[in-house]
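Undergrad: generate coordinates for the sequence data below:
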Amino acid sequence: MSEKKMSSSRKHHIKSLMLSIAKGLLEEEAKEQEEERSRYMEESCPPVSMPRSMQEMQELCREINDKINVIDEERYDLNTKVTKSDKEIDDLKIKVQDLMGKFKKPVLRKVRMSADAMLKALLGSKHTVNMELRANLKQVKKEVKEEDKELRDVGDWRKNIEDKAGMDGRKKMFETEA
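TA: Sure thing, here's the model as predicted:
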């Protein structure tokens, strides 16, 4: 309660003053940028005088080509500086997060991708991986056991029962086992 509260009209007045000052600063900055742009254009792009002969035309084309090469080199240098600074900024952000100990989980999107496409994306285009597991299996020849063969050869079950029925059938059964 020791702090005095400002009235809403005073807050509104201060806010409008801050906005008007910021607007004036932005306008001055825009004027400075326009002046800088026009000064640079005057320095780097002098007015073109149209040549009258073929030789003068070729000389003008060579000059323009040289200027284009210089500008491309500058653009490339600036581009590499920007990418390098972006990488440094990302590294510093990671260091700050490590020091803070708090990690923000990125929002993951659902992606519909087959297993083959996922492995290809992870391993690169050099590795072609096929997820057909049946293609990777070995072919095994099925060996038929003799016991299974005998069971199949038994034939009609009624005939088998009739052979074992009565004392003769039981006698045959004991004789075959012994």
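
Undergrad: what is the mean pLDDT for the strand or helix carrying Val96?
TA: Mapping Val96 onto the secondary structure by DSSP states H and E places it in helix 54-100. Regarding helix 54-100, the rounded mean pLDDT is 92.

Undergrad: how near is Met57 to Ile71?
TA: Plainly put, Met57 is 21 Å away from Ile71 if you go by Cβ to Cβ, to the nearest Å. From N, CA and C alone the C-beta is placed, and that goes for glycine too.

Undergrad: just Pro106 next, same as before
TA: Separation of Pro106 from Ile71 (Cβ to Cβ) stands at 39 Å.

Undergrad: neighbour count winner among the two?
TA: Set side by side, Pro106 and Ile71 show unequal neighbour counts under other Cβ atoms under 10 Å, the larger going to Ile71 at 11 against 6.

Undergrad: give the helix, strand or coil label for Tyr40.
TA: For Tyr40, the assignment made with DSSP: H, G, I helix; E, B strand; the rest coil gives helix.

Undergrad: what bits of this protein have low per-residue confidence?
TA: 1-3, 102-104, 125-136, 142-178 (pLDDT under 70).

Undergrad: quickly find the element holding Lys120.
TA: helix 115-123.

Undergrad: now swap in Glu28 and tell me
TA: Using DSSP H and E, the secondary-structure element containing Glu28 is helix 8-44.

Undergrad: quick one, that helix and helix 54-100 angle?
TA: Interaxial angle, helix 8-44 versus helix 54-100 (axes from the mean of the first three to the mean of the last three Cα atoms, to 10 degrees): 140 degrees.

Undergrad: buried residues of helix 8-44, list them for me.
TA: Within helix 8-44, not a single residue qualifies as buried, counting by 16 or more other Cβ atoms under 10 Å.

Undergrad: same check, this time on stretch 69-77
TA: Here stretch 69-77 shows no buried residue, counting by 16+ other Cβ under 10 Å.

Undergrad: please save the CA atoms from it in CSV.
TA: The C-alpha coordinates for stretch 69-77 follow below in CSV (Å, rounded to 0.1, in the frame of the first residue of the first chain):
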residue,chain,number,x,y,z
ASN,A,69,30.3,-10.1,-60.2
VAL,A,70,31.4,-7.8,-57.4
ILE,A,71,27.9,-7.5,-56.0
ASP,A,72,27.4,-11.3,-56.2
GLU,A,73,30.6,-11.8,-54.1
GLU,A,74,29.3,-9.3,-51.5
ARG,A,75,25.9,-11.0,-51.4
TYR,A,76,27.6,-14.4,-50.9
ASP,A,77,29.8,-13.0,-48.2
